[in-house]
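Asks: I'd like to go over a predicted model; first the sequence, then the structure.
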Amino acid sequence: MGNVIAIAVPFLPVVFYLLLSLIGVGLERKHEQQLDRREAQVAGFLLLDLDHVPGTIAQSGELVSGNVVMGTGYLKQFTASLRTIVGGEVKGYQRVLDRARREAQLRMIEHAKSQGAHAIVNVRFDTSNIGGVKPFSEVFCYGTMVR
Amino acid sequence: MLLVNTETIPGHTIIEARGLVSGNTIRAKHLGRDIGAGLKNLVGGELTGYTELLNESRQEATDRMIGNAMAMQANAVVNVRFTTSAVAGGAAELYAYGTAVVVRPNA
């Protein structure tokens, strides 16, 4: 028994780490479901990266934005580092940035909607790494809401 | 002060362009927040502390840009753009720029 514990102890951080990563996987799925719900709620809201809504004349316009900072989690950082050996798409990061972009966009839309706007024109996205060596990415999205 | 990122402002007419205005701020990460974010990253997902930090910082850069525009007697900034870049030592620069103009509401 004592031997088993002596062998198991060095592996505890790994187990702990995998357990937290597993929670992360669950949370990611939950977040994606939440995004689907919120996107359904704002369905029909017009987003354009043109500078006006064709065929309409807006009465007023105002800058609106949304941002989010996402950490990819160390497990994905590790699997991504393995991926760079052979190259190819990094699915783990792709999913994180996709969530971040949808979240930032939703925050912007939800704010614009609460202000009585019906569309956002000239939408721009800005993505940046703010974690230095850590894979923390910020997605910032902005545009002009029109009424 | 009216801010838009389009070249014109709906419902307004631009009378005069005053010139380019900009504002920036460079924020370093807070050690405590960085440790917190590092722990949160075990799970992954949104790092709320950083989201707020960057939001506030960008507001600061925007406010500085507005200050510049006011100094030029402008009442609106059109074609606003934002950029973010990481500078050495875990600090990020947030930069906002646009064209300061004088506008008049359409009658």
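Replies: Okay, I see it.
Asks: bridged to A:Glu138, which residues?
Replies: Taking DSSP bridges, one obtains A:Val69, A:Ser128 as the residues bridged to A:Glu138.
Asks: check the burial of it by counting its neighbours.
Replies: 27 (other CB atoms under 10 Å in any protein chain shown). The way it works is simple: take the backbone N, C-alpha and C, and place the C-beta from them, glycine included.
Asks: residue contacts, it?
Replies: Contacts for A:Glu138 (CB atoms under 8 Å, 6 or more residues apart in numbering or on different chains) come out as A:67-70, A:100, A:127-130, B:50-51, B:54, B:84.
Asks: low pLDDT regions in chain A?
Replies: A:1, A:131 (pLDDT under 70).
Asks: do the least confident helix or strand in chain B by mean pLDDT and chain A meet?
Replies: For chain B, the helix or strand with the lowest mean confidence is helix B:31-40, at a mean of 84 (criterion: mean pLDDT, DSSP states H and E). Yes. Judged by CB under 8 Å from any CB of the partner chain, helix B:31-40 comes into contact with chain A at B:Ala37, B:Gly38, B:Lys40.
Asks: and the pLDDT at the nearest residue to the first one once chain neighbours are set aside?
Replies: Leaving aside its chain neighbours, B:Ala37 sits nearest to B:Leu47 (4.6 Å; criterion: CB to CB, 6 or more residues apart in numbering or on different chains). Among the per-residue scores, B:Leu47 holds a pLDDT of 92.
Asks: cool, the one 3 residues further on as well?
Replies: Per-residue confidence for B:Tyr50 comes out at a pLDDT of 89.
Asks: from chain B, which residue is nearest to chain A?
Replies: Shortest chain B-to-chain A distance, computed as CB to the nearest CB: residue-wise this is B:Gly44, at 2.7 Å.
Asks: returning to what we had before: quick one: which of the residues of helix B:31-40 next to chain A is most hemmed in?
Replies: With neighbours defined as other CB under 10 Å, the most crowded of the residues of helix B:31-40 next to chain A is B:Ala37; it has 22 neighbours.
Asks: quick one: that one and B:Thr48 touch, right?
Replies: No. The criterion here is CB atoms under 8 Å, and B:Ala37 misses it with B:Thr48 at 9.2 Å.
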